Structures are given as structure tokens and as C-alpha cells.
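1. need coordinates for the following:
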Amino acid sequence: MEIPNQIRVRLLFTYNKEKFFKFYWFEMKGDDFYWGSAYKANHSEKTSTDFNGTEVKIEIPEDFNELEKTSGKYSYHESGQVHYKLNLKDGKSNYNNISNWIKKDKIDKPTRFFTVLSRTLNHYNKEIPNLTKGNSYALALNFDKEVKKKRVYFEFFLSPPGKFQPPETLIKMNGIANDIAIHTISPELILIVRFAVFENLNDWHPDKELSIITNEIK
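-> As a prediction, this is how the structure comes out:
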């Protein structure tokens with residue numbers, strides 16, 4: 001079976017496969033890779049995050065919840081340049097140059113590019129009745145209903161197919177993050193989603209999501 005050069009994957013949540021809810025999406029167009037959240041979020045240049053591998057210090061401005069919710073997407077281009085496109089209220093866009101990674105044809109092992117500590121799952125409430133709308137593929141993660149009030153830790157990797165030693169998690173965890181879902185994203189690469197239910201911080205700003213983009217891939 002020939003693998004197309006354009007593949008779009010929706011990552012969804014479900015509970016006993018009764019209904020399906022949007023989370024993130026990923027798309028490879030030729031040699032350009034895009035991804036983003038299915039939800040708008042508050043955005044502020046005043047927000048700061050200090051992360052050293054085992055501890056995260058987050059400072060949120062007092063007016064954060066009053067800010068306009070906006071959407072955006074990340075892009076990892078053929079050249080290796082990585083950008084974030086923020087869609088502004090007036091219809092314009094703001095592009096931030098984040099980093100410069102290796103070219104995708106140099107990826108030879110599972111390479112983490114993005115990490116998310118989700119909101120508690122009950123805050124992801126956009127139901128999708130047609131899972132493959134717009135010729136998209138659906139990658140649905142099935143959770144018990146009790147998990148709705150918990151956060152889930154996610155790590156996202158690009159990798160060639162094959163057998164590899166799993167890398168350590170970016171954030172040190174008490175348990176083991178060994179749940180994995182995969183999907184072909186291009187003729188050469190697969191998308192790997194590693195995740196684990198997070199037992200902490202479920203009462204701390206449960207409607208807030210923490211995302212960490214890898215600074216350097218080489």
C-alpha cells in the first residue's frame with residue numbers, strides 16, 4: 001500500500017467508545033509537519049515557565065483568565081526551522097521563530113518534539129461525530145470514565161519504523177509511562193504518542209494545560 005505525502009491525524013479521547021472528543025491534530029504536508037490543539041487558549045507574553053527537567057515553575061499573570069482566547073499551530077519545515085503561528089483577534093497572524101531542528105530525513109530514532117500535561121480530561125469537551133472528516137485519520141485513546149477528573153501526561157515523537165530503546169520521560173514520574181499509540185505520518189516516519197495518567201495537580205487550575213516544545217533536536 002502506497003503511503004500518501006499528505007496525512008492528517010486527529011488525536012481523540014473516548015470513554016468506553018461511547019463518544020469521541022477532540023484533543024490535538026498532526027499533519028504532514030510533503031516535507032512540512034504541522035500540529036496544534038483543537039482548542040483555543042489564553043495567550044500572554046507575561047507568562048513564564050522555568051523548567052529544569054525535574055521541576056517546573058510557572059508564573060501566570062493575574063489577568064490571564066480575562067485575555068482573549070486564541071488559536072495557533074506549530075510548524076516544522078523542510079529546512080528544520082520551527083515556528084509557532086498565533087491567530088490574532090483582528091484576523092492577522094503572529095509568527096514566532098522557536099528553533100532550528102535537524103532535517104526530518106536525519107531522524108534515525110524516536111525523537112521527542114512536544115510534551116503536554118493535559119487539563120483534567122473533562123475540560124476537553126468538543127465532541128466529533130465524524131472521526132475521519134476532511135479525509136483525516138483518527139487515533140482514539142480509550143480511558144475509563146474515572147479518568148475524566150485527572151490529567152494525562154503526553155509525549156510526542158517522530159521516528160522511523162523499527163525497534164528502539166524507549167527514551168526516559170522528559171518529566172520525572174513515579175510510575176512508568178508505557179502506554180503507546182502510533183500512526184504513520186509520512187512514507188518515512190511514524191508519529192508515536194506515549195502517555196500516562198497523572199496522579200498529581202488535578203485540583204490545581206484543572207482547566208489549564210502545560211505544553212513544552214523541545215528546544216533543540218540534533
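2. got the buried residues for stretch 129-138?
-> 136, 138 (16 or more other Cβ atoms under 10 Å). C-beta: built from backbone N, CA, C; applies to glycine.
3. in the protein, which helix or strand is least confident?
-> strand 48-51 (a mean of 58; mean pLDDT, DSSP states H and E).
4. how near is Val152 to Lys22?
-> Per Cβ to Cβ, to the nearest Å, Val152 is found 15 Å from Lys22.
5. so between those two, which is more surrounded?
-> A count of neighbours by other Cβ atoms under 10 Å puts Val152 above the other of Val152 and Lys22, at 22 against 17.
6. that one: helix or strand, and which one exactly?
-> In the assignment (DSSP states H and E), Val152 maps to strand 151-159.
7. so what strands line up beside that strand?
-> Strand 151-159 pairs in its sheet with strand 111-117 (antiparallel), strand 190-198 (antiparallel), by DSSP bridges.
8. what lies in contact with it?
-> Applying Cβ atoms under 8 Å, 6 or more residues apart in numbering, the contact partners of strand 151-159 are 26, 33, 35, 104, 107, 109-121, 143, 169-171, 173, 177, 185, 189-198, 200-202, 206.
9. using CSV, please lay out the strands paired with strand 151-159 together with mean pLDDT and distance to His77.
-> Formatted as CSV, the strands paired with strand 151-159 follow (pLDDT from 0 to 100; distance: least, Cβ to Cβ, whole Å):
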stretch, mean pLDDT, distance to His77
strand 111-117, 94, 13
strand 190-198, 95, 17
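10. could I get those as TSV with mean neighbour count and distance to Pro129?
-> Formatted as TSV, those follow (neighbours: other Cβ atoms under 10 Å; distance: least, Cβ to Cβ, whole Å):
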stretch	mean neighbour count	distance to Pro129
strand 111-117	20	25
strand 190-198	20	23
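11. these into CSV, with extra columns for distance to Gly72?
-> Shown next, in CSV, are the strands paired with strand 151-159 (distance: least, Cβ to Cβ, whole Å):
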stretch, distance to Gly72
strand 111-117, 13
strand 190-198, 20
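12. and of those, who's closest to Tyr84?
-> Nearest to Tyr84, of all the strands paired with strand 151-159, is strand 111-117, at 11.3 Å by Cβ to Cβ.
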